[in-house]
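> Predicted coordinates and the sequence they were generated for:
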Amino acid sequence: MVSDTIKDVINLQVLAEWAYILAIILVTVLLFWFFTKRHSFPALNTTPGPQFSRLSILSYRVSVVVVTFVCILAVDFKIFPRRLAKTEIYGTGLMDLGVGSFVVANSLVSKQARGIMSVNLKAALQAISPLVLLGAGRLILTSGVDYQVHVGEYGVHWNFFFTLAAVTLLTYVIRIHPKYCGLFGSTILLVYQISLTYGLNEYLLSNRRASDIVSQNKEGIFSVFGYWGLYLIGLHLGYRLFFLNSSSTNARDNLNTKCCVWVLSGVFWSLTIILDRYVERVSRRMCNLAYVTFVLAQNLQRKRPLLLEEAFNQNLLGSFLLANVLTGMVNMGMDTLAASSLQAVVILLSFKLKPQLMLYKWNHTP
């Protein structure tokens, strides 16, 4: 995990302009290895289905958080390529994936995805109360220290913690069996996209704001429908791909799941291209249909588990909060835009390795 963080920092900054060349070299080496290898892939044939699914989801969730750790601070330094930063209205930067990926990561392993439907109001309140408190805390802190916040992203008072809380509450209140969540989520997204196409997008992208709470936070409130649809589709995929036949130990089921994931990724990439060209360009700010398919396409490309990932997997929300606190400390303590490239890399490595070491200690204390 430590070596992976170092790799992420270097790749996202120092080697960012060489990304395409490195990708071509990597693909060439992999193809050469594939065609010269005579025996089959042991990982595809021997890993039990449930174990493969658990480790794959674990690795994916942790990868999302680790890359987020790097980017939320790295974007404040000049060395970070602007093309990887969040887009203003339309487009697909690396950091545009962050919020959508976090929603998908939560949906794949949610109680509903595991088939647990007996959830009462008390459990729902317990699930959203930490998110509401974190959202309120972030609002108070950013206002108190006059921290720079882009109003056009979520609104005047809204932030991503409130979005997560709203999505969680809606999913608990409107309970639907996971096998129907894909259809229900797609319906929500279609209705929302039609609304955007016929005038809602103009309202959300305009600078006009009335004094009411909805108008003040229009971007954050209306984008909840997009994130809710994304969450429901992720919930359905988690149920179908990883938990529906979790008792099976057949290695062929493992291979079928992996093939299905890659096919779905290809389908979502195709939908993203079509929607982006003929319906509406990808927009994280509105969380439109093209953004949802873009996030799903990217997040269905997974990799093998790494060291220390169990610790991160058990503390995802705490890790995300810790990274935000450390980022705020750095921004208040120095002028990040004036930092040299060497200073930026050293600071990023220091502050991104620290949460990993802390989590390691917490999970290995007798």
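Now that the structure is in, tell me what you want to look at.

> just for the chain, where's the confidence low?
Of all residues in the chain, those with pLDDT under 70 make up the ranges 1-27, 29-60, 79, 119, 146-148, 245-254, 302-324, 326, 331, 341-366.

> Tell me where it has strands.
Secondary structure of the chain by DSSP state E: no strands are present.

> for residue 103, what are its contacts?
Shown in contact with residue 103 (CB atoms under 8 Å, 6 or more residues apart in numbering): 164, 167, 227, 230-231, 234, 295. Yep, even glycine has a C-beta here, placed from its N, CA and C like the rest.

> just those residues now: which is nearest residue 173?
Residue 173 lies nearest to residue 167 out of the contacts of residue 103, by CB to CB, at 11.1 Å.

> Could you tell me how many residues sit around that closest one?
The local packing of residue 167 (other CB atoms under 10 Å) involves 24 other residues.

> OK, contacts around it?
By CB under 8 Å, 6+ apart, the residues touching residue 167 are 103, 224, 227-228, 231.

> Sort out which one of the contacts of residue 103 lies nearest residue 186 for me.
Of all these, residue 230 has the smallest distance to residue 186: 10.4 Å, by CB to CB.

> Please name the nearest non-neighbouring residue to the closest one.
In this structure, residue 230 finds its nearest non-sequential neighbour in residue 292, 4.7 Å apart by CB to CB, 6 or more residues apart in numbering.

> Could you report the distance from the nearest residue to residue 142 once chain neighbours are set aside to residue 239?
Spatial nearest neighbour of residue 142, excluding adjacent residues (CB to CB, 6+ apart): residue 149 at 5.4 Å. According to CB to CB, to the nearest Å, residue 149 and residue 239 sit 36 Å apart.

> Tell me which of those two has more neighbours.
Set residue 149 next to residue 239 and count neighbours by other CB under 10 Å: residue 239 wins out with 23 against 16.

> And that one, how close does it get to residue 233?
Applying CB to CB to residue 239 and residue 233 gives a distance of 11 Å.

> Return every residue with contacts to both of the two.
residue 181.

> right, and residue 64 touches residue 100 too?
No: Residue 64 lies out of contact with residue 100 (CB atoms under 8 Å); the separation is 9.8 Å.

> Roughly how far does residue 193 sit from residue 218?
From residue 193 to residue 218 the distance is 17 Å (CB to CB).

> hang on, the earlier thing: mutual contacts of residue 64 and residue 100, please.
Here residue 64 and residue 100 have residue 299 as joint contacts, going by CB under 8 Å, 6+ apart.

> Show me what the longest helix belonging to the chain is packed up against.
Counting residues, the longest helix found in the chain (DSSP state H) is helix 251-278. In terms of contacts (3 or more CB pairs under 8 Å, 6 or more residues apart in numbering; DSSP states H and E), helix 251-278 is packed against helix 42-46, helix 49-74, helix 289-299.

> Right, I'll leave it there.
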